[in-house]
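Chemist: below is the sequence, then the predicted model.
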Amino acid sequence: MRSQATFVAFILPATIFLIVLVIYPVVATLTLGFVGADGQFTGLDNFATVIGSKQTVNADCLQTGPPCGTLINNLIWIGLHLPLTMFMGLFLAMLLQRVRGAAIVKSMIFLGMVTPLIVIGTVLKFILEAPIGLVPAFFGSIGIKGLAVNWLTSNPSTLLFGLIMGTVWSWTGFSMIVYSAGLTTIPKDYFEAARVDGASEWQVFRKITWPLLKPVTLVIVTMTVLWELKLFDIVIGATNQQGGLGGAADVLALQMYRFFYVQDYNHAAVVATLLTIFTFVVSISLFRELLNLPRHKRRLLRARAKPAEVGTDSPQATIAPTGDSP
Amino acid sequence: MSSGGADYVPSKTSGRLIAIIVALLIVTNVITAVGVYYAAAPKAAVVPVQVIGPWAGDAIKNPSSEWGKFKPVLDKFTNDTGIPYVYTPTRQEDLSPTLPIAFQAGQSPADLIFMPSATIKQWAAKNWVTDLTGTIGPSSYQAGALDPLTASGHIWGGAYTGKVKPGFWYNTTFFQANSWSAPTTWQGFFSLLGSIKNSTGNPPLMAGDGVGWPLSDVVEHFIETYGGASMHKALANRSLSWTDPSVKSIFQNYLVPTLTNGFWTAPTTWDNPGVTLWWDGTNPLYFMGSWITGMVPNPSALGVFPLPGGVANQGIVFAADYFFVPKFGAHQDLAKRLAQYLASEPAQELQVKQGGHVATAANVPTTAYPTVDRNVANLLSGKTVLSDLDDTIGNPFQGVFWSQLQSLWANPGTWQTVLTNIQTAAANQP
Amino acid sequence: MTSLVDRGPRRRPWKLPFRPRTILIHVVAWTVGLAWLLPFIGVAVVSVRPLSETALGWWNPSPFHLTFDNFISAWNNPGCPLSLGLRDSFFVALPATIIPMLVGAFAGYGFARFRTRTRDYIFLSVVLFMAVPQMMVAVPVYNLMIALGLISNLLSLILVHSAWGIPWIILFMRNFFRTLPEEIEEAARVDGASDFKIFYKIVLPMALPAMAAVVVFQFMWVWNDFFFAQVLVQKSDWFLSTQCVPRLSGQLAHPYDLLSAGAILTMIVPVALYLVLQRFYIRGLIGWTIKG
């Protein structure tokens, strides 16, 4: 393609869409956060109100437990959910390498990823509720009375923890599939060589598998954190607009929605902006990592095996498709 | 881009490509548009009036469902006037976010909508509600029925039938089998709970729906019984603080002990198992509104008692269902006729006949009520009739109130914090 | 290689089929898989049995009656009929898949073939676009749609979803086009074909598998969306199927038999699409540079 005009013609339709329906609204939301309902500039007042409110950050939760506020809940979600899904997915991916019918098992686990999140929320409500739910019934049958309760309404902690485990259940499929694909790109002679040298399985994992999966891990971490931040459907589906029991499972996106439907657009914009700041921090760090990482990784991967360019382009492509789905 | 621009000469083929793309766009959108138009085209020659109410259920399979009992009322309207209707059941929980979004855009999903009174007044202040002054008036109602909908001399909606929330319901057969009886003192109530718990091994009190309103009904019942009608009114018009010692003492001496002694189940999210477990005696006492008469297999075995041993001037909550006509409905004339009808004696008589409802219209004869509802009416005697507290204050207080009470049930030790949080929400309510 | 998930154990050099360890691994893997499926099995069982049989746990085996009443009730539910919900979801998801696919492929090709040193910046901006949460645009998009008179009109959702899908489609298609050999295009150019002609005569046909991946992803994302629908569609005639799911509940009763049927009707479309086009889906997920 030689002419700039052709280039412009190719990208023009996309640009128009993005300007009207993404860039302009983002800028408009940004400005909304800094003005009052009357349009007067108010500086950081709106931000102070939102961050200072107990709904966003509830310091009492250090003493009394949840509810902790939307912002803290999102962070708790990341802190618990991220390592759990990641290692669960990695464990399953490695386990399923050696299993007959792995494709079927993978599909069973991956089902949660293709199901609408609002349905996942409903399903969680359905499995956490006593007496009809599987989870309380399970704990009842093994004699743990304290957990054989209605997880949604008997305790703020069981509600929050139950929903977090629920998202682990529904999203483990993602890290499992991506790790599985990552594993297939590691050349087998690596393992064979290590085996000949008498390395234990743990050593193989530590020295070969884990380091070579780093680019894949980066992608999984970023995508998962982005979903955890944007969490909305699951919480509203499993609880209500208030985030359930005392707001124990309340999250930023839900808080934004509440401000939105009472026409408090300025505070809605503040919550949205906070959310966006978080997502940008996460994705920019991924971007930097990906740009820096390939230099040594790429050489290593290229030298040894042809198809193993996990570190170069694939993470970009991987981010793409699921960008907003959950 | 000086020379670059000259390179690009739209040729026939690029034109064809663009044509193909444009055609694809057009085709997909025409399909949508045609579908949308076809589906939107009115199916009946006569325009129906669109109604949204909270009552769901399968009217045909289950005539005693909530909607099954309301349907005959709307059918009669169509019979009398020839105006067909379209009824959509939607929870108020789902309406409270979506209606403002629609109204702000100058739209309304229906011509007549049921919502709590405080919400109707809030929306009236935003200029979203049609003034019904002149369409309906207090003369056809019992005294005070329209007060919650009146603001600065204008009537913004109508009252339909309502429910009373009289106390704890039980299965008399089950009680007799265990030789238990309705208590007459607080001590008696408390020891009854203890002996039921000892005998069944389960919490005696069933706590309803996890959304939160059944808990608020329970709390209101404790307040109106042990604090009296005056305290309930003062909390509803927010002249009394929730952290006032008089309010605190009711929580501390009455409600919280029932919670800390494990007399309550965790609130059920799904009612069906709740009702099953209550009726079969697993958790044999259920605080609910009078609509429960329609939810049991054998209503004649239903018994009910209020909290015993309260103060002299007690109150009882009567929660009416209120409707309004949004400004943006397509057929306001039809909606006004329906509003008049719903406010009238014949419509409400038809509704109360089916059980579980109490009329707000004047002159509905006592004989119109089923026996079980007449017994409920007896509980009203000597008590001040109150409006539902959180419906009167409205959102966002209501949402916080419900969710704080859920916290209280989960963690009774935090009752002081709960009261502080409720008071904060009450104080912040515009 | 046909599918990435399809690798049998026979390629593993250390695999010894009859070791007890192997049996253990199989037991663990299949148990985990079944446990993962259990919540969905529960929903399915509740949806085909009368409520009275499942009220205290769907696993209670008797009595057991098979019924499709719940599906019929959900399909005709007066609050939010799934019959309309599914129709509307299709009305939105089909155009909102085709439009961004074409627009995105177009732009992606531009970025792939136009000699520019700004690749990293493009990548960065697309990544940032994809990171923006929907909540960040909700208020202005809502006001824009009021101005255009498109609230409760499915066209608003089609437009928003199209715009929202474009960034990742650009990136995805760009990465794909980069893997195509440029020689063919060069040869065609020497023959005097214009860039547009090359694009649709030569490049697009080769891009069909990539387009399939785009279709699966974009369709699923649009179908599964709940937030934008809640913001833009407020009329019961135009509710999407995802909006119907919570609306099957009543004020006094939570008919979870009905909810289960509604949940299954709503999820069946993306799940079926996934099962049919799994190959493209996984490829899309992994990216084009890992090839079998």
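Modeler: Done, it's in.

Chemist: list the contacts for B:Tyr87?
Modeler: B:Val51, B:Ile52, B:Gly53, B:Trp67, B:Phe70, B:Lys71, B:Leu74, C:Pro78 (CB atoms under 8 Å, 6 or more residues apart in numbering or on different chains). Every residue, glycine included, has its C-beta placed from N, CA and C.

Chemist: same thing but 7 Å
Modeler: B:Val51, B:Gly53, B:Leu74, C:Pro78 (CB atoms under 7 Å, 6 or more residues apart in numbering or on different chains).

Chemist: which SS class is the first one?
Modeler: When you say that, I think you mean B:Val51. Here B:Val51 is recorded as strand under DSSP: H, G, I helix; E, B strand; the rest coil.

Chemist: what do you get for the last one?
Modeler: In three-state terms, and counting by three-state DSSP, C:Pro78 is coil.

Chemist: most neighbours out of the contacts of B:Tyr87, which is it?
Modeler: Neighbour counts for those peak at B:Gly53, which has 25 neighbours (criterion: other CB atoms under 10 Å in any protein chain shown).

Chemist: any idea which element the closest residue to chain B within the stretch 51-200 of chain C lies in?
Modeler: In the stretch 51-200 of chain C, the residue that lies nearest chain B is C:Phe196 (3.3 Å; CB to the nearest CB). For C:Phe196, the element it lies in under DSSP states H and E is helix C:195-198.

Chemist: now check that helix, is it near chain A?
Modeler: Yes. Counting by CB under 7 Å from any CB of the partner chain, chain A has neighbours in helix C:195-198: C:Asp195.

Chemist: can you spell out which helices and strands pack onto that helix?
Modeler: helix B:12-40, helix C:183-190 (3 or more CB pairs under 7 Å, 6 or more residues apart in numbering or on different chains; DSSP states H and E).

Chemist: mean pLDDT lowest where, among these?
Modeler: For these, mean pLDDT drops lowest on helix B:12-40, to a mean of 60.

Chemist: for chain C, what are the low-confidence residue spans?
Modeler: Within chain C, the stretches with pLDDT under 70 are C:1-18, C:115-120, C:123, C:250-253, C:286-292.

Chemist: can you pull up the most central residue in it?
Modeler: C:Met220 (1.6 Å; CA atoms, centre = their mean).

Chemist: check which helix or strand it maps to.
Modeler: Assigned by DSSP H and E, C:Met220 falls in helix C:208-224.

Chemist: relative to A:Ala272, how far out is the residue lying closest to B:Trp186 once chain neighbours are set aside?
Modeler: Excluding its sequence neighbours, the residue lying closest to B:Trp186 (CB to CB, 6 or more residues apart in numbering or on different chains) is B:Gly309, at 4.2 Å. Using CB to CB, to the nearest Å, one gets 52 Å for the distance from B:Gly309 to A:Ala272.

Chemist: neighbour-wise, which of the two wins?
Modeler: A:Ala272 (32 against 14).

Chemist: give me every residue that touches the more buried one.
Modeler: A:Thr29, A:Met256, C:Pro133, C:Met135, C:Met136 are the contacts of A:Ala272 under CB under 7 Å, 6+ apart.

Chemist: mind listing the helices for the stretch 101-250 of chain C?
Modeler: Residue ranges of the helices in the stretch 101-250 of chain C, as given by DSSP state H, counting those that start in this stretch, are C:119-131, C:135-148, C:154-179, C:183-190, C:195-198, C:204-206, C:208-224, C:227-232, C:241-247.
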